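J.: turn this into a model:
(chains A and B)
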There are 2 protein chains.
Amino acid sequence: MVARKSFQLELEQLQQDILKMGALVEKAIADAVRSLADKDLVLAQEVVDGDDFIDELELSIENCCLRLLALQQPMASDLRVIGTALKIVTDLERMADYAVDIAKITIRLQGQPLIKPLIDVPRMASIAQDMTRQSLDAFVERDVNMALSMIEMDHEVDHLYSQVFRELLTYMMADPRTINQATYLLFVARYLERIADHATNLGEWIIYMVTGEKKELNR
Amino acid sequence: MVARKSFQLELEQLQQDILKMGALVEKAIADAVRSLADKDLVLAQEVVDGDDFIDELELSIENCCLRLLALQQPMASDLRVIGTALKIVTDLERMADYAVDIAKITIRLQGQPLIKPLIDVPRMASIAQDMTRQSLDAFVERDVNMALSMIEMDHEVDHLYSQVFRELLTYMMADPRTINQATYLLFVARYLERIADHATNLGEWIIYMVTGEKKELNR
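T.: Okay, the predicted model is just below:
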């Protein structure tokens, strides 16, 4: 009985750690895109430096999951929570890596004026942040409908990505001097589109956790 | 004693499944790049279609890991093998996704003549395949030195990526009609560079499995 109780406490702590990691990832995405829009090299470097802590948190959550799995003999539903936690942190870590990739592009552009004001890119980032937050809410609340809402938001990000892609190609064709920067901005858009894909994965795992069924949302 | 034996058998099966998945991923990378070089839309579609099977294999390996962790109480070294297996399949699955992304670019280019013969891109692919194979050999052989050899190969891929990047930018600037295709080829190079990063992750996990120490190889 005591063991069971401490297991529940550890499971609770695990969820708190995942929420903490999620909040850091959400902030990294926001800061990375803001650093790009504001040409803020200091903020960009903060995103890059902050990634080590996120990586450590991932490793510590993974170790906690493995320990819980090995030392206890969890029931099916707890097993799904722990399995989900193990997969969720991988997606979150990858999302943070993309935020770092964006921050590195800010640094690489070294404060040069942007070829166009960023409009769709911050919108993509804002949706990606919402997706991150909502998927973690869905995780805590065991809310399948909220997890399913990832589909709609992911489509919106995909749509914005296509738009940004076409627009940047037009810029490049009209003025070859923009090619270098436009290429980097293309990558930024692609990274945000990937972040949204990973948030959709989070939704899939949460649905699996609640229902025991794994289905693919982003096809 | 019987339980212990069947545990070892299941662990053996798990490793076989990972090797099988690894071989499929290696083939997907090779086929994707070959489809691009040969403008072979049929082969590209095969890579896209084959990904479902890789995804299923991933899910089945994950389930096997979770079951082994939950039903047995593995010793520290076995725990590391299972934990490593769980992480390895995520990297392998992601590598396969990048192969699909490359195959989709083949399809999108619809057989149009390439703006330049592919030289560095197939070299990147060939190294990425070698990395995949060698990391799985290192997994089976518990060979830390082989896992460490990922570093050198990853540097080589990074170097080729920078070269391809600069070269494609030069093409775009010289002739704006190449911009559309060159952008796609840039993404192909980026995906291969990512595949090599994931192979390097495999190396890290294998070193962790053997030594119990997790260190980062690709910084």
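J.: residue contacts, the closest residue to chain B within chain A?
T.: Nearest residue of chain A to chain B, counting by CB to the nearest CB: A:Leu69, 3.8 Å away. For the C-beta atoms, the positions are set from N, CA and C on the backbone; glycine is no exception. Contacts of A:Leu69 were listed using CB atoms under 8 Å, 6 or more residues apart in numbering or on different chains, and they are A:Leu79, A:Ile82, B:Leu66, B:Leu69, B:Ala70.
J.: now the fourth one: phi and psi?
T.: The main-chain torsion angles of B:Leu69 are listed as degrees, to the nearest 10 and equal phi -70, psi -40.
J.: let's see if you can find the most crowded of the contacts of A:Leu69.
T.: Counting neighbours by other CB atoms under 10 Å in any protein chain shown, B:Leu69 comes out on top of the contacts of A:Leu69 with 27 neighbours.
J.: list the buried residues in stretch A:155-163.
T.: By 16 or more other CB atoms under 10 Å in any protein chain shown, the buried positions in stretch A:155-163 come out as A:Glu156, A:Val157, A:Leu160, A:Tyr161.
J.: wait, stretch A:37-54
T.: By neighbour count on 16+ other CB under 10 Å, the buried set for stretch A:37-54 is A:Ala37, A:Asp40, A:Leu43, A:Ala44, A:Glu46, A:Val47, A:Val48, A:Gly50, A:Asp51, A:Ile54.
J.: what residues are up against the second one?
T.: When you say that, I think you mean A:Asp40. Contacts of A:Asp40 by CB under 8 Å, 6+ apart are A:Arg34, A:Thr106.
J.: change it to 10 Å
T.: A:Asp31, A:Arg34, A:Glu46, A:Ala103, A:Thr106, A:Gly111 (CB atoms under 10 Å, 6 or more residues apart in numbering or on different chains).
J.: please apply the same query to the fourth one.
T.: A:Ala44 makes contact with A:31-32, A:34-36, A:38, A:100, A:102-109, according to CB under 10 Å, 6+ apart.
J.: which pair in those spans the largest distance?
T.: A:Asp38 and A:Val100 (17.4 Å; CB to CB).
J.: now do A:Arg4, the pLDDT please.
T.: Looking at A:Arg4, its pLDDT is 64.
J.: averaged pLDDT, stretch A:34-50. What do you get?
T.: Here stretch A:34-50 scores 97 as its mean pLDDT.
J.: okay, the buried residues of stretch A:155-163 in JSON lines with secondary structure and distance to B:Asp17 next?
T.: Shown next, in JSON lines, are these (DSSP: H, G, I helix; E, B strand; the rest coil; distance: CB to CB, whole Å):
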{"residue": "A:Glu156", "secondary structure": "helix", "distance to B:Asp17": "37"}
{"residue": "A:Val157", "secondary structure": "helix", "distance to B:Asp17": "34"}
{"residue": "A:Leu160", "secondary structure": "helix", "distance to B:Asp17": "39"}
{"residue": "A:Tyr161", "secondary structure": "helix", "distance to B:Asp17": "35"}
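J.: got these as a markdown table, with pLDDT columns?
T.: Below are these laid out as a markdown table (pLDDT from 0 to 100):
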| residue | pLDDT |
| --- | --- |
| A:Glu156 | 96 |
| A:Val157 | 96 |
| A:Leu160 | 96 |
| A:Tyr161 | 95 |
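J.: would you list those in CSV and tack on distance to A:Tyr208?
T.: What follows is the buried residues of stretch A:155-163, written out as CSV (distance: CB to CB, whole Å):
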residue, distance to A:Tyr208
A:Glu156, 24
A:Val157, 22
A:Leu160, 28
A:Tyr161, 26
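J.: from those, which is closest to A:Gln15?
T.: For these, the nearest to A:Gln15 is A:Val157 (26.4 Å; CB to CB).
J.: so that closest one touches A:His198, yeah?
T.: No: A:Val157 is beyond contact range of A:His198, at 11.2 Å (criterion: CB atoms under 10 Å).
J.: so what sits against both of those two?
T.: Contacts common to A:Val157 and A:His198, judged by CB under 10 Å, 6+ apart, are A:Ala128, A:Met131.
J.: hmm, the longest helix along chain A touching chain B?
T.: If you go by DSSP state H, chain A has its longest helix at helix A:2-38. No: using CB under 10 Å from any CB of the partner chain, helix A:2-38 stays clear of chain B, with a minimum separation of 12.5 Å.
J.: which elements pack onto that helix?
T.: Packed against helix A:2-38 by the contact rule (3 or more CB pairs under 10 Å, 6 or more residues apart in numbering or on different chains; DSSP states H and E) you find helix A:41-71, helix A:76-109, helix A:120-141, helix A:179-211.
J.: need the contact partners of the very next helix or strand once past the shortest one.
T.: Read that as helix A:120-141. Sequence-wise, the next helix or strand downstream of helix A:120-141 (DSSP states H and E) is helix A:144-148. For helix A:144-148, the surrounding residues in contact (CB under 10 Å, 6+ apart) are A:134-141, A:200, A:202-211, A:215, A:217.
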